[in-house]
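Q: could you look at this predicted model? Sequence included:
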Amino acid sequence: MVQNQALIRIQDGPQTHPISPYLYGSSWGNWMRLPPKKHVRELAPKTIRVGGILMSRYDWRTSRYSDPFQKHKIAQQPSLLQFSRYCAEIDAEPVIQLNAMEWAPNKKDEFRRCLDVQDSLDLLDHLKRHGCLPKFVEIDSEPFLWHLSHPDAMNRPVSGEEYFFIFQRYASRIKAKYPRIQIMGPAIDSAWNGFNTLYPNDRYDTKKGYLLYFLELCKEWERKNKSRLLDILTIHVYPQFRKDPFKKKITKGGTENFLSATQLWWNPGYKNRYDHQFPMGCEGGLLRTLLKDISRISPDVKRAVTEFNVDAFAGWWKIGYHPRLRPIYLADIFGTLAQEDIFLSNHFHLYGVPNDGLSMMEQKKDGTGPLAFKKEYSIFELYSNHFQGDYLASKNDLGEEGDKVRSHVCRGRDGKLGMIVINKTLKKRFNLRFSWRGKDYAAAIPIEPLNIHHYELERGKLTLLKKIWDRLHE
């Protein structure tokens, strides 16, 4: 195999910024059991979000919900108090999604509209009485898909103004009583539609997208009422390398091109050709553009990605992606979230039905044997435990091929540099050198194709701490 060279220059300058202590979190659906604490402590999630479609159909008093995936069966889950105490025991902050759609099983086990804002306030009062008042509350989830996810409750699309009315009704009441709670929304999941609503002829400029309109509505409300409404703007993103999510056929392009699509998150010069979660031909740099827009309208509003993963359906339908695609894609995204100064993120999802393609642990194909971590959660563990402190910019000397070898660098409080390097190529092995403060440091072994290395630089000594795979076929 040809030995290629890559020099990675590390810079300490204007782009250096602190990595948020809430950056590496996970999202659980409320249908999930509470996993063994020892496993979750190893992963060290900074936040755990209880949310998803079923949380929009949930009554906190009874801990019951209507499950549309199981013929509308009325199901039970651990209470939000149990969940909050669980989070406290593993040093994770809970992120609680409120049911603002207001439908849930009533006392007769009928799925009806039976909740309101006061029920959410009662929940927060209940958690406070037990010493578990949350820092983060999200005003429901994916409201512009309610008519698709919950057709038994919503028979038409929700408009942008309609969701804002719901949001401000909940957020203003919560802020009036608990001003320190950070309010999150709109948890929009329509990157494929330019982050717009699905309401026909909605009353805003769809070319600019709903997020800007939502920010402007929040800012106007805050000016008039001289009170805070929105703290954290939230989105959901599920990259998908298939044109039709209900078919197995993969977009033509191959693993390297799919992995290059991480640029949709950070590179404004990138043009989309592979990821069908976004419009074909759209420009990249989603997170960077979002920062620019927020800074212009509401500079004190933070950004969060409260659900993300690669292709939500791939695990269930055994889509034939390269087995390393998801771990390597996510490795770059975890670093990019720090690079783009995201405040909070939740990888979907931590735990659920084994082998469903998205949960953190899996068993043998026949469903027997002990649970084991998947490779993408080895990546999660790497970042959550070892990528903290300040983010430092870095750039390689590969020119137009620069995205093929991605690097993410942090400086801990002890002054040590941690470097995570990702080789996205299928066949190229790279000898790596790092340049830092006028000195070069050569890695002892090359990084193999489709691999991830974790290095540490301390007192002039470069050490390879971990490589994710030893051989390509693993």
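A: Arrived safely, thanks for sending. What you see is a predicted model; the values in this text were computed from it and never measured.
Q: what strand or helix carries Cys87?
A: helix 80-89 (DSSP states H and E).
Q: for the following helix or strand past that helix, name the packing helices and strands.
A: Next helix or strand after helix 80-89 toward the C-terminus (DSSP H and E): strand 93-98. Packed against strand 93-98 by the contact rule (3 or more CB pairs under 8 Å, 6 or more residues apart in numbering; DSSP states H and E) you find strand 25-28, strand 47-50, helix 80-89, helix 117-129, strand 136-139. C-betas here are computed from N, CA, C, even on glycine.
Q: just how off-centre is stretch 60-69 within its chain?
A: Centroid separation between stretch 60-69 and its chain, computed with CA atoms, centre = their mean, to the nearest Å, is 24 Å.
Q: shouldn't Ile297 be in contact with Leu215?
A: Yes. The pair Ile297 / Leu215 is scored as a contact, 4.6 Å apart, by CB atoms under 8 Å.
Q: so for these two, which sits in the more crowded spot?
A: Between Ile297 and Leu215, Leu215 has the larger neighbour count (other CB atoms under 10 Å), namely 19 against 14.
Q: and that one, what does it touch?
A: By CB atoms under 8 Å, 6 or more residues apart in numbering, the residues touching Leu215 are Leu230, Leu233, Asp293, Ile294, Ile297, Ser298, Val301.
Q: from Tyr274, how far out is Arg57?
A: 34 Å (CB to CB, to the nearest Å).
Q: more neighbours, those two?
A: Between Arg57 and Tyr274, counting by other CB under 10 Å, Arg57 is the more crowded of the two (26 against 20).
Q: contact partners for that one?
A: By CB under 8 Å, 6+ apart, the neighbours of Arg57 are Tyr65, Ser66, Asp67, Pro68, Asn99, Met101, Trp103, Ala104, Phe111, His150, Ala153.
Q: switch the cut-off to 10 Å
A: With contact set as CB atoms under 10 Å, 6 or more residues apart in numbering, Arg57 has these partners: 30, 64-68, 72, 74-75, 99, 101, 103-105, 111, 149-150, 152-153.
Q: now, of those residues, which are buried?
A: With burial judged by 16 or more other CB atoms under 10 Å, the buried subset of those is 30, 64-68, 74-75, 99, 101, 103-105, 111, 149-150, 153.
Q: using CSV, write out every CA atom in stretch 42-49.
A: Taking Å, rounded to 0.1, in the frame of the first residue of the first chain, the C-alpha atoms of stretch 42-49 are listed here in CSV:
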residue,chain,number,x,y,z
GLU,A,42,-18.4,4.3,31.0
LEU,A,43,-20.0,6.3,28.2
ALA,A,44,-20.2,9.4,30.5
PRO,A,45,-23.0,11.3,28.7
LYS,A,46,-23.2,14.9,29.8
THR,A,47,-27.0,15.1,29.2
ILE,A,48,-29.7,12.5,28.6
ARG,A,49,-32.8,13.6,26.8
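Q: how about the closest residue to Tyr58 other than its chain neighbours, what does it touch?
A: Leaving aside its chain neighbours, Tyr58 sits nearest to Tyr65 (4.1 Å; criterion: CB to CB, 6 or more residues apart in numbering). Residues in contact with Tyr65 (CB under 10 Å, 6+ apart) are 30-31, 53-59, 73-77, 99, 103-105, 111.
Q: can you check Trp192 too?
A: Tyr238, Gln240, Pro245, Asp275, His276, Gln277, Phe278, Pro279, Met280, Cys282.
Q: not counting residues beside it along the chain, what's closest to Phe387?
A: Cys410 (5.1 Å).
Q: quick one: contacts for the one you found?
A: By CB under 10 Å, 6+ apart, the contact list for Cys410 reads 18-19, 335, 338, 383, 386-392, 416-420.
Q: mind telling me what element it is part of?
A: Per DSSP H and E, Cys410 falls inside strand 405-411.
Q: who does that strand pair up with?
A: strand 390-396 (antiparallel), strand 417-423 (antiparallel) (DSSP bridges).
Q: can you pull out the strands in the stretch 351-474 of the chain?
A: Under the criterion DSSP state E, counting those that start in this stretch, strands of the stretch 351-474 of the chain are mapped to 361-362, 372-373, 390-396, 405-411, 417-423, 429-436, 439-442, 451-458, 461-467.
Q: relative to the whole chain's centre, how far out is the last one?
A: Which is strand 461-467. On CA atoms, centre = their mean, the centre of strand 461-467 falls 28 Å from that of its chain.
Q: now do the fifth one
A: Between the mean C-alpha location of strand 417-423 and the chain-wide mean there is a distance of 20 Å, by CA atoms, centre = their mean.
Q: and the third one, by the same measure?
A: Taking the mean of its C-alpha atoms, strand 390-396 sits 21 Å from the chain's own mean (CA atoms, centre = their mean).
Q: what angle do that strand and strand 429-436 make?
A: 130 degrees (axes from the mean of the first three to the mean of the last three CA atoms, to 10 degrees).
Q: start at 503, not 1
A: Noted, 503 is the first residue going forward, which turns the last one into strand 892-898.
Q: can you give me the buried ones in the longest helix along the chain?
A: Longest helix in the chain by number of residues (criterion: DSSP state H): helix 662-679. Across helix 662-679, burial judged by 16+ other CB under 10 Å covers Gly662, Glu663, Tyr665, Phe666, Ile668, Phe669, Gln670, Tyr672, Ala673, Ser674, Ile676, Lys677.
Q: residues touching Ala546, list them.
A: Tyr526, Ile592, Asp593, Ala594, Phe882, Glu883, Tyr885, Ser886, Asn887, His888.
Q: am I right that the first one is in contact with Phe889?
A: Spelled out, that is Tyr526. Yes. With contact defined as CB atoms under 10 Å, Tyr526 reaches Phe889; the gap is 7.6 Å.
Q: who's more crowded, those two?
A: When Tyr526 and Phe889 are compared for neighbours, Tyr526 comes out ahead with 27 against 23, by other CB under 10 Å.
Q: ok, back up a step: I'd like the helices and strands packed on strand 595-600 as CSV, with distance to Phe850 appended.
A: CSV is the format used below for these (distance: least, CB to CB, whole Å):
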stretch, distance to Phe850
strand 527-530, 4
strand 549-552, 9
helix 582-591, 16
helix 619-631, 23
strand 638-641, 13
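Q: nearest to Ala693, out of those?
A: strand 527-530 (16.7 Å; CB to CB).
Q: which other helices and strands does the next helix or strand after the closest one contact?
A: Sequence order places helix 539-545 as the next helix or strand after strand 527-530, per DSSP H and E. For helix 539-545, the elements it packs on are helix 582-591, strand 874-875, helix 877-888, judged by 3 or more CB pairs under 10 Å, 6 or more residues apart in numbering; DSSP states H and E.
Q: can you redo these as CSV with mean pLDDT, distance to Ile510 and mean neighbour count?
A: Shown next, in CSV, are the helices and strands packed on helix 539-545 (pLDDT from 0 to 100; distance: least, CB to CB, whole Å; neighbours: other CB atoms under 10 Å):
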stretch, mean pLDDT, distance to Ile510, mean neighbour count
helix 582-591, 96, 37, 18
strand 874-875, 63, 28, 14
helix 877-888, 87, 18, 20
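Q: quick one, which of those gets closest to Arg826.
A: Here helix 877-888 is closest among the helices and strands packed on helix 539-545 (CB to CB), at 7.6 Å.
Q: mind saving the C-alpha coords of that closest one as PDB?
A: Provided in PDB are the C-alpha atoms of helix 877-888 (Å, rounded to 0.1, in the frame of the first residue of the first chain):
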ATOM      1  CA  LYS A 877     -18.400   0.800  17.600                       C
ATOM      2  CA  GLU A 878     -20.200   4.100  17.300                       C
ATOM      3  CA  TYR A 879     -20.500   4.200  21.100                       C
ATOM      4  CA  SER A 880     -16.800   3.500  21.400                       C
ATOM      5  CA  ILE A 881     -16.500   6.700  19.400                       C
ATOM      6  CA  PHE A 882     -19.000   8.400  21.700                       C
ATOM      7  CA  GLU A 883     -17.000   7.200  24.800                       C
ATOM      8  CA  LEU A 884     -13.800   8.500  23.200                       C
ATOM      9  CA  TYR A 885     -15.200  12.100  22.800                       C
ATOM     10  CA  SER A 886     -17.300  12.200  26.000                       C
ATOM     11  CA  ASN A 887     -14.400  11.100  28.200                       C
ATOM     12  CA  HIS A 888     -11.400  12.600  26.500                       C
END
